[in-house]
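Peer 1: pasting the structure only:
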């Protein structure tokens, strides 16, 4: 089945799961006709201590620039005042559009302004072209002027001025927190283990595995090559690290249990259905499936090129005159998705040896050197991501992929 209307549904083949999908939006250009004579435009340069707002007001010759305290209500009053000035000059304002760069403040302001019937767009920071001078002037005033120029070009429907970020709901943002927190905790767990191993190696002790559950009981029996016990300060330090390690493990377990409970409570709704569908592939765990769904597969991406580009798995060509070369991955997308996919690609070769994707990889790497295999694994990761995206959007199961039996 395909998409149907603004709010369509996708029936995953062979699993009978209904996955709601929304119509995709093209954020590379504005699809709304731009009439400057009745459109009030404002851009905001956000900072911790103040907001600098620049505008283009129909009927007003000057381009107003106003510094505000970080207060959304004051911003709304400023927009209303500019609108009143336009009306007094004889112009009718039919559209108020506001933009700011994505950054530390996130999307709360965009959601708040949209709730007050203001059209808001969030500009992707890396899509704004800047001067390549070695030392260029940079002030909030210059930044707002630059944002105003690129935003007006985007409103006119011209490509290449800037790119926009899809504004998620607070529920969509919150859904990403568990797997991101777990990733941070896993990194913290690795740092603690490496720190303990380094402390012991300085004393000549090798082979001790602090990641084992019984490591605290074996700590007192450790001896240096001289036959001496651990020095008291080092022993206390390692005990504290073991306590931290136990706490981190407990928090990881709590996150995993909460995620499974959430999926079991509403297994057929929204992203949960996608997670179950992706996790039904042999070799894909719930953690990987949850990360891919929340980070990329549940997004309303335009096509397969946009999917690969979002993960930073597309190439970056370098062509000038007769020179033609490839500089490697663009790495401009979601690094978390890119890392997870490359790891999944290696695992996919182990668990899905008879799949069409695995055969495609082997046909191009058998007999080759290790470098070529490393390059081709990225290509496999890209193909795998597109195959998973098609699976959750159209129900098309990748050719030859083995699935786990459907749970009752």
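Peer 2: Received the coordinates, thanks. Quick caveat, the model's predicted, so the values are computed rather than measured.
Peer 1: Disregarding residues adjacent in the polypeptide, which is nearest to residue 310?
Peer 2: residue 333 (4.9 Å; C-beta to C-beta, 6 or more residues apart in numbering). For glycine as for every other residue, the C-beta is placed from the backbone atoms N, C-alpha and C.
Peer 1: How many residues are close by that neighbour?
Peer 2: 18 (other C-beta atoms under 10 Å).
Peer 1: now swap in residue 293 and tell me
Peer 2: Residue 293 - counted by other C-beta under 10 Å - has 25 other residues nearby.
Peer 1: That one: what secondary structure?
Peer 2: helix (DSSP: H, G, I helix; E, B strand; the rest coil).
Peer 1: my guess is it contacts residue 393, does it?
Peer 2: No - under the criterion of C-beta atoms under 8 Å, residue 293 is not in contact with residue 393, lying 11.7 Å apart.
Peer 1: The longest helix anywhere in the chain packs against which elements?
Peer 2: Identified as the longest helix of the chain according to DSSP state H is helix 232-265. Applying 3 or more C-beta pairs under 8 Å, 6 or more residues apart in numbering; DSSP states H and E, one finds that helix 232-265 makes contact with helix 177-201, helix 215-218, helix 270-279, helix 286-292.
Peer 1: ok, residues contacting the last one?
Peer 2: Under the contact criterion C-beta atoms under 8 Å, 6 or more residues apart in numbering, helix 286-292 has outside partners 178-179, 182-183, 256, 259-260, 263, 274-276, 278-279, 336-337, 340-341, 343-344, 385, 388.
Peer 1: which of the residues in it are buried?
Peer 2: By neighbour count on 16 or more other C-beta atoms under 10 Å, the buried set for helix 286-292 is 286-292.
Peer 1: just checking, next helix/strand downstream of it?
Peer 2: Per DSSP states H and E, the first helix or strand lying C-terminal to helix 286-292 is helix 304-310.
Peer 1: helices and strands around that next one, which ones?
Peer 2: helix 370-394.
Peer 1: Could you tell me the angle between the helix it packs on and helix 270-279?
Peer 2: Using axes from the mean of the first three to the mean of the last three C-alpha atoms, to 10 degrees, the inter-axis angle of helix 370-394 relative to helix 270-279 is 130 degrees.
Peer 1: from the chain's centre, how far out does helix 370-394 sit?
Peer 2: 18 Å (C-alpha atoms, centre = their mean, to the nearest Å).
Peer 1: Packing partners of that helix?
Peer 2: By 3+ C-beta pairs under 8 Å, 6+ apart, helix 370-394 packs against strand 7-12, strand 17-22, helix 270-279, helix 304-310, helix 335-351, helix 356-365.
Peer 1: Pull the residues that contact the last one.
Peer 2: Counting by C-beta under 8 Å, 6+ apart, the neighbours of helix 356-365 from elsewhere in the structure are 348-349, 352, 372-373, 376-377, 379-380, 383-384, 387, 398-401.
Peer 1: Where is pLDDT lowest across the residues you listed?
Peer 2: Sorting the contacts of helix 356-365 by pLDDT puts residue 372 at the bottom of the list (79).
Peer 1: how far away is it from residue 364?
Peer 2: Counting by C-beta to C-beta, to the nearest Å, the gap from residue 372 to residue 364 is 8 Å.
Peer 1: Looking at these two, which is more packed in?
Peer 2: Taking other C-beta under 10 Å, residue 372 and residue 364 do not tie; residue 364 has more neighbours (15 against 12).
Peer 1: residue ranges with poor pLDDT in the protein?
Peer 2: By pLDDT under 70, the weakly predicted segments of the chain are 1-26, 368-371, 406-408.
Peer 1: give me that answer again for 50
Peer 2: For the chain, applying pLDDT under 50 flags the ranges 1-23, 408.
Peer 1: what domains does the record give for it?
Peer 2: 36-165, 193-265, 270-394 (automatic domain parsing).
Peer 1: Help me confirm that residue 404 comes into contact with residue 282.
Peer 2: Yes - with contact defined as C-beta under 8 Å, residue 404 reaches residue 282; the gap is 6.0 Å.
Peer 1: Buried members of the contacts of helix 356-365 into PyMOL, please.
Peer 2: Remark: buried members of the contacts of helix 356-365, expressed as a PyMOL selection using 16+ other C-beta under 10 Å:
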select buried, resi 348+349+352+373+376+377+380+383+384+387+398+401
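Peer 1: Looking at the contacts of helix 356-365, which is nearest residue 92?
Peer 2: Residue 92 lies nearest to residue 387 out of those, by C-beta to C-beta, at 50.9 Å.
Peer 1: Count the residues that sit near residue 253.
Peer 2: If we define neighbours as other C-beta under 10 Å, then residue 253 has 10 of them.
Peer 1: measure it to residue 288 for me?
Peer 2: Distance from residue 253 to residue 288, by C-beta to C-beta: 18 Å.
Peer 1: who's in contact with residue 148?
Peer 2: Counting by C-beta under 8 Å, 6+ apart, residue 148 has contacts 41, 43, 54, 56, 63.
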